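K.L.:
need a structure here:
(2 chains)
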Amino acid sequence: MDREVRVRFAPSPTGALHIGGVRTALYNYLFAKKQGGKFLLRIEDTDQTRFVPGAEEYIKEALEWLDISPDESPWNPGDCGPYRQSERKPMYMQYALDLVEKGHAYYAFDTSEELDAMRERLTAARVVSPQYNAITRTQMKNSLTLPEDEVKARLASGEPYVIRVKIPRKEEVRLNDMIRGWVMVHSNTLDDKVLMKSDGMPTYHLANIVDDHLMEITHVIRGEEWLPSAPLHVLLYKYFGWEDTMPQFAHLPLLLKPDGNGKLSKRDAEKHGFPIFPLDWKDPNSGDLVMGFREQGYLPDAFLNFLSFLGWNPGDHREIFSLDELVEAFSVERIGKAGTKFDINKAKWYNEQYLRAKSDEELANYLMQDLEKEGFTVEAGKAAQIAGLMKERATFPGDLWKEGKFMLFPPTTFDEAVLAKRWNQEAVSVLATYKEKLENFHEELTSESAKSLLEQSAAENDIKLGKVMQAVRLATTGVGAGPDLMAVFAIIGKEELIRRIGYALENLKIIA
RNA sequence: GGUCCGUUCGUCUAGGGGUUAGGACGUAUCCCUUUCACGGAUAAAACACGGGUUCGAUUCCCGUACGGACUACCA
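P.N.:
Below is the predicted model of the structure:
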């Protein structure tokens, strides 16, 4: 096949884009770019009742954040527009009618009450799966059972109707999924799905086939939840006479809950306290706020890398991939079949890797921004020093500020446990000497000079430095753990350091 | 219930008729070190079960179990 590869991501604007959807978009993007093709986005908004304002913007923003924006979309249309199904509404009826003419679809006038009654009747008769199919349609109100005159009259009178596909009674439907291989389904397990709804909108099934055909889609990469309806789609391609250009299907494994089983849901995010949406989202109807990876401090490259490994791997032992490297390494063949449990630890690990790979200067920007929000400023050089010292122990950019603020501000509290254990007369003696030496030191404090002065202070008191290090740290930073103390001292500066030691000497009580 | 899909360490996975079943996250221990972390090293940890086919099956086939998706005028 020498057609240009064209794939699409086709979300419904019904709320925040779920992480599974983001992964689907990513795989579509990677596949398109690897094949030198196009990645399009189509908004599937045929269900007007589920429309949620802002959802489309959310999708756009999420893809932009990850730098996987589509080549063609509602906001960047190509030659196959419109890219919103609601705006394509006038196009669908002719295709449905074409199927009616060919005898592959029919009008149905049943009310929802009548449909319910039918299902109840079948359930009562212990029919395993009550559905509108080759058998039951003979007992319903449709253009197959009603006299032609009446059908015409009903249509003419403006009575609501739907158009249903006429599924053949006995036919083996086969499709060759790129991930799962041959999948065969017997048509007698399929039902006469609605193609056109009574409101004049197509259902997903009709719209996605018509649009994929018109948009010259070559590969349909979507979630596994679509696999059961794929045979219907194959049948529709056949009825339309589009078999030659029918796209290849690839059904992606689902993203599962981290504990137990089942599809990953919003509930899991709340339960475990981690995001499953790319961006923060406030539901305009319920007012509920869900957190996003972006706002939690995940870096787009790290998140993307993490996401790409949820169901796919390059086949070697490499773990860190830029977007370009992912494109290069990607292949549908290497997508797994089994559902993937979501593990936030891995996401954090990726974030740490990407964070550490960043320059101190780049990280300093995060720190300065956070600080600004609190109403403070630091000079860039100092911010970079702090970032450099903190990045090895941070998961998120926000940790730089949260965990590193002691370098900018004196401690207000002192860790009780460390205090009880380490704060003793020896520490007090060393610190007193150290304070004096600092006061008489007239150069700028460097990490080397800070260390040398401290060593002298310990020696003069005949105390091994190691014995009091923890106490020194506690007195100057308030906690018992942190980056190299002498580097910290250099950042704090002599004057501030003297103040802090003075405060500790006056206020900390020896318990030990 | 029915249809379809799936099942390798706790998790993500590599592999594939004969392997010490490999890697990563996480966990544990050790080393480094002024602490914590980083880094390094080591360890514990898996082929769901039962039948076949075969000299040999984790790998192929068939069942079973378990899990999941779907089963709307939602996508």
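K.L.:
right, and the helix or strand after the strand or helix carrying A:Leu97?
P.N.:
In the assignment (DSSP states H and E), A:Leu97 maps to helix A:89-101. Downstream of helix A:89-101, the first helix or strand assigned by DSSP H and E is strand A:105-108.
K.L.:
buried residues in the helix holding A:Leu97?
P.N.:
A:89, A:92-93, A:95-96, A:99-100 (16 or more other C-beta atoms under 10 Å). Using the backbone N, CA and C atoms, a C-beta is placed for each residue, glycine as well.
K.L.:
Against which helices or strands is that helix packed?
P.N.:
Contact partners of helix A:89-101 among helices and strands, from 3 or more C-beta pairs under 8 Å, 6 or more residues apart in numbering; DSSP states H and E: strand A:105-108, strand A:162-165, strand A:194-196, helix A:204-214, helix A:230-240.
K.L.:
deepest of those, which one?
P.N.:
strand A:162-165 (a mean of 25; mean count of other C-beta atoms under 10 Å).
K.L.:
what sits up against that one?
P.N.:
A:96-97, A:99-100, A:104-108, A:132, A:137, A:142, A:192-198, A:205, A:232, A:235-236, A:239 (C-beta atoms under 8 Å, 6 or more residues apart in numbering).
K.L.:
model confidence over that strand, on average?
P.N.:
For strand A:162-165, the mean pLDDT works out to 98.
K.L.:
Can I get it in PDB? Just the C-alpha atoms.
P.N.:
Extracted as PDB, the C-alpha positions of strand A:162-165 are listed here (Å, rounded to 0.1, in the frame of the first residue of the first chain):
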ATOM      1  CA  VAL A 162     -33.600   5.700  13.600                       C
ATOM      2  CA  ILE A 163     -31.700   3.900  10.900                       C
ATOM      3  CA  ARG A 164     -30.300   0.500  11.900                       C
ATOM      4  CA  VAL A 165     -27.800  -1.600  10.200                       C
END
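K.L.:
mind giving me the domain ranges of chain A?
P.N.:
Annotated domains of chain A cover A:6-73+A:208-255, A:90-196, A:266-356, A:358-405, A:410-512 [automatic domain parsing].
K.L.:
Could you check how far the last one is from the centre of its chain?
P.N.:
Put simply, domain A:410-512 sits 45 Å off its chain's centre (C-alpha atoms, centre = their mean, to the nearest Å).
K.L.:
before we move on, the earlier item: make a markdown table from the helices and strands packed on helix A:89-101 and add distance to RNA strand B to it.
P.N.:
A markdown table is the format used below for those (distance: least, C-beta to the nearest atom of the strand, whole Å):
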| stretch | distance to RNA strand B |
| --- | --- |
| strand A:105-108 | 8 |
| strand A:162-165 | 5 |
| strand A:194-196 | 4 |
| helix A:204-214 | 3 |
| helix A:230-240 | 8 |
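K.L.:
right, and those - which one's nearest A:Glu114?
P.N.:
Of all the helices and strands packed on helix A:89-101, it is strand A:105-108 that lies closest to A:Glu114, at 9.8 Å by C-beta to C-beta.
K.L.:
What's the first helix or strand after the closest one?
P.N.:
helix A:112-124.
K.L.:
for the helix or strand following that next one, the distance to its chain's centre please.
P.N.:
Toward the C-terminal end, the helix or strand that comes next after helix A:112-124 (DSSP H and E) is helix A:148-156. Taking C-alpha atoms, centre = their mean, the mean C-alpha location of helix A:148-156 is offset from the chain mean by 50 Å.
K.L.:
related to what we said a few turns ago, out of the helices and strands packed on helix A:89-101, which comes closest to A:Arg6?
P.N.:
helix A:204-214 (9.1 Å).
K.L.:
Other residues contacting the closest one?
P.N.:
A:8, A:10, A:42, A:44, A:46, A:80, A:85, A:88, A:91-92, A:95-96, A:165, A:193-196, A:202, A:217, A:220, A:229, A:232-233, A:236-237, A:240, A:242, A:245, A:247.
K.L.:
residues near the closest residue to A:Pro74 other than its chain neighbours, how many?
P.N.:
Take A:Pro74 and drop its neighbours on the chain: the residue closest to it by C-beta to C-beta, 6 or more residues apart in numbering is A:Tyr83, 4.2 Å away. By the criterion of other C-beta atoms under 10 Å, A:Tyr83 has 23 neighbours.
K.L.:
Would you mind listing what in the stretch 1-150 of chain A touches RNA strand B?
P.N.:
Within the stretch 1-150 of chain A, the positions adjacent to RNA strand B are A:10-12, A:44, A:46-47, A:50, A:110-112, A:115, A:128-129, A:131-132 by C-beta under 7 Å from any atom of the strand.
K.L.:
ok, and does the worst-scoring helix or strand of chain A on mean pLDDT reach over to RNA strand B?
P.N.:
The helix or strand of chain A with the poorest confidence is helix A:266-272; it has a mean of 84 (mean pLDDT, DSSP states H and E). No. Helix A:266-272 is not in contact with RNA strand B by C-beta under 7 Å from any atom of the strand; minimum separation 11.7 Å.
K.L.:
And that helix, what's buried?
P.N.:
A:268-269.
K.L.:
List the strands paired with the very next helix or strand once past it, with their directions.
P.N.:
Toward the C-terminus, helix A:266-272 is succeeded by strand A:281-282 as the next helix or strand (DSSP H and E). The sheet places strand A:281-282 alongside strand A:289-290 (antiparallel), with pairing taken from DSSP bridges.
K.L.:
Which SSE is immediately downstream of the partner strand?
P.N.:
Next element after strand A:289-290 (DSSP H and E): helix A:293-296.
K.L.:
what residues does that following helix touch?
P.N.:
Outside helix A:293-296, the residues that reach it (C-beta under 8 Å, 6+ apart) are A:19, A:65, A:274-275, A:277-280, A:300, A:303, A:347, A:396.
K.L.:
Stretch A:471-486 now?
P.N.:
A:389-390, A:392-393, A:403, A:406, A:411-415, A:417-419, A:422-424, A:426-427, A:430-431, A:434, A:447-448, A:450-451, A:454, A:469-470, A:488-489, A:492, A:497, A:500-501, A:504-505, A:508.
K.L.:
Show me just the buried residues among those residues.
P.N.:
Looking at the contacts of stretch A:471-486 with 16+ other C-beta under 10 Å, the buried ones turn out to be A:389-390, A:403, A:406, A:411, A:414-415, A:418-419, A:422-423, A:426-427, A:430-431, A:434, A:450-451, A:454, A:469-470, A:488-489, A:492, A:497, A:500-501, A:504, A:508.
K.L.:
Those residues: which ones sit near RNA strand B?
P.N.:
Among those, RNA strand B is touched by A:451, A:469-470 when using C-beta under 7 Å from any atom of the strand.
K.L.:
for those, which one is nearest RNA strand B?
P.N.:
Checking those against RNA strand B by C-beta to the nearest atom of the strand gives A:Met469 as the nearest, at 3.6 Å.
K.L.:
Give the helix, strand or coil label for A:Asn28.
P.N.:
helix (DSSP: H, G, I helix; E, B strand; the rest coil).
K.L.:
Then A:Phe249?
P.N.:
Classification of A:Phe249 by three-state DSSP places it in strand.
K.L.:
What's the mean pLDDT across stretch A:78-88?
P.N.:
pLDDT averaged over stretch A:78-88 gives 96.
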